[in-house]
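>>> I would like the atomic coordinates for the input below:
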Amino acid sequence: MRYKNLIHTKTAFLASTQWMIGPVIVIFILLADKSWSQGCSDAGLCTIGASSHTPELIAIMQDSTPTGVAVTLRTTVSVASGEQLAWNTQFISEPWIHLSPKLDWQLRFPFLYTNGNLGYTAGWGDISTSIIYKLRDNRKNAIAVSAGFRFPTGSTDLKYENEVLPMAYQTGLGTTDLLSAIALRFDRFRLALSGLVVLKHTNNNTFDAAAYAEGSNAAQYFSSNQLHRGNDVSIRTEYYFEKHKKWLAPGIIFIYRLNGDTYRNEKNERVKIKDSAGASFNFTLTGYFETSSRSAWQAQLGVPFIVRHARPDGTTRTATLNFTYIYRWKHK
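Okay, the predicted model is just below:
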């Protein structure tokens, strides 16, 4: 019986979302070689805490977090085209532990694989955690605040065939970060404000593009020798359209790098990277389909339309496509 139900669930999901697949793939391919952006999901601004989708979508679909739910597990496969068209694939396990009707604990465990013209790498990324407190949470409106950390559990000194690789190929960012956010929802319109403050720099990357011959593949990447990233702030807006427990939410994410990035040049001097501060604007489109009171599917496309010129931390993305399966365990 469980096997038959699983087949029915998958068939229903594919039937309800097949109209999205063609346009999404076409947009992804067209944008993959034309534009560049900071990868919001990598930095944690838009996927950790109150700025993420989970509490808002559940609150809209039902009056609050489903009664009796103990844990929500989000499992995501993310595919993105990055710096110099290096392809980045992430497998993300993201449990949400519902401590009380108003308090959630979120954890995020990413595994990354990157393949580009300098080689390939794979490994665990930076682990993130956040506590989310819902000041108000019902079908009409919601207010949530969060605070959390991202820890430098990923690597910043991976090599390929003993050659130093830029940050685009690394699995971590080399910082311990404080992540905070507040999210407001008015009926179907949502606004989230978030900030990232670097608490500690532990980046061991030694890549310097100036050490390579002009015109070579390596010389086209951003230098990141002992990189120190700047702090970020973000504003995210979305509007939800509903039809028979299916949701479509277009949105815009604004990210501003406050103080730019620095690195050590060939003279071992710490210098600021020109044009590494400034704004990025990204368009997102999120689809959500609830298959039962316990499970749901989510797909998201993100593409940039205004970008910072210098992005040496490896979070450059030309386009990102995420597929997520959501499952909720209830109390016995």
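>>> any low-confidence regions in the protein?
1-49, 53-68, 331-332 (pLDDT under 70).
>>> Where do the helices of it begin and end?
2-31, 40-43, 54-61 (DSSP state H).
>>> Spatially nearest residue to R294 (excluding sequence neighbours)?
R328 (4.9 Å; CB to CB, 6 or more residues apart in numbering). The C-beta positions use only the backbone N, C-alpha and C, and glycine is treated the same way.
>>> List the residues that contact the one you found.
Residues near R328 by CB atoms under 8 Å, 6 or more residues apart in numbering: P66, V69, V71, T72, L73, S293, R294, S295.
>>> Give the PyMOL command for selecting the buried subset of those residues.
Filtering the contacts of R328 down to the buried ones (16 or more other CB atoms under 10 Å) takes a single PyMOL command:
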select buried, resi 69+72
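>>> Just the contacts of R328: which are in strands?
Using DSSP state E, the subset of these located in strands is V69, V71, T72, L73, S295.
>>> So what pairs up with the second one in the strands?
Which is V71. Counting by DSSP bridges, V71 forms beta bridges with I97, W329.
>>> Then the one 4 residues further on?
For T75, the beta-bridge partners are S93, Y325 (DSSP bridges).
>>> likewise N141?
Going by DSSP bridges, N141 forms beta bridges with F186.
>>> Burial check on it, number of neighbours?
N141 has 13 neighbouring residues, counting by other CB atoms under 10 Å.
>>> likewise S51?
Neighbour tally, S51, other CB under 10 Å: 29.
>>> Distance-wise, check it relative to Y169.
27 Å (CB to CB, to the nearest Å).
>>> Tabulate the contacts of R328 (CSV), appending distance to V145.
Below are the contacts of R328 laid out as CSV (distance: CB to CB, whole Å):
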residue, distance to V145
P66, 21
V69, 21
V71, 21
T72, 19
L73, 23
S293, 27
R294, 27
S295, 28
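>>> If we only consider the contacts of R328, which is nearest to L227?
The closest of the contacts of R328 to L227 turns out to be L73 (CB to CB; 33.2 Å).
>>> That closest one contacts H98, correct?
No. Counting by CB atoms under 8 Å, H98 is not a contact partner of L73; they are 11.6 Å apart.
>>> Beta-bridge partners for T286, please?
Going by DSSP bridges, T286 forms beta bridges with A249, Q300.
>>> can you tell me how far it sits from H201?
Relative to H201, and taking CB to CB, T286 is found at 33 Å.
>>> what's the answer for Q220, then?
25 Å.
>>> and what of F222?
17 Å.
>>> what about the nearest residue to S295 once chain neighbours are set aside, neighbour count?
Nearest non-adjacent residue to S295, counting by CB to CB, 6+ apart: Y327, 5.1 Å away. The number of residues packed near Y327 is 14, by other CB under 10 Å.
>>> Who are the contact partners of the nearest residue to K159 once chain neighbours are set aside?
Using CB to CB, 6+ apart and skipping the chain neighbours, the partner closest in space to K159 is L165 (6.0 Å). Neighbouring residues of L165 by CB under 8 Å, 6+ apart: L118, G119, T121, L158, K159, F207.
>>> what's the burial count for the third one?
The local packing count at T121 equals 21, with neighbours defined by other CB under 10 Å.
>>> Same question for L99.
Neighbours of L99 (other CB under 10 Å): 13.
>>> again, but for I97
Around I97 there are 13 residues (other CB under 10 Å).
>>> buried stuff in stretch 250-262?
So for stretch 250-262, counting by 16+ other CB under 10 Å, buried means G251, I253, I255, Y256, R257, G260, D261, T262.
>>> Which ones among those residues map onto strands?
G251, I253, I255, Y256, R257, T262.
>>> Excluding covalently adjacent residues, which one is nearest to the first one?
Leaving aside its sequence neighbours, G251 sits nearest to E238 (CB to CB, 6+ apart; 3.5 Å).
>>> In this structure that neighbour contacts W247, no?
No. Under the criterion of CB under 8 Å, E238 is not in contact with W247, lying 10.3 Å apart.
>>> Which residues are in contact with each of the two?
With CB under 8 Å, 6+ apart as the test, E238 and W247 both reach T286.
>>> What is the burial count for the closest residue to N217 other than its chain neighbours?
Nearest residue to N217, sequence neighbours excluded (CB to CB, 6+ apart): N117, at 4.7 Å. Other residues near N117 come to 11 when the count uses other CB under 10 Å.
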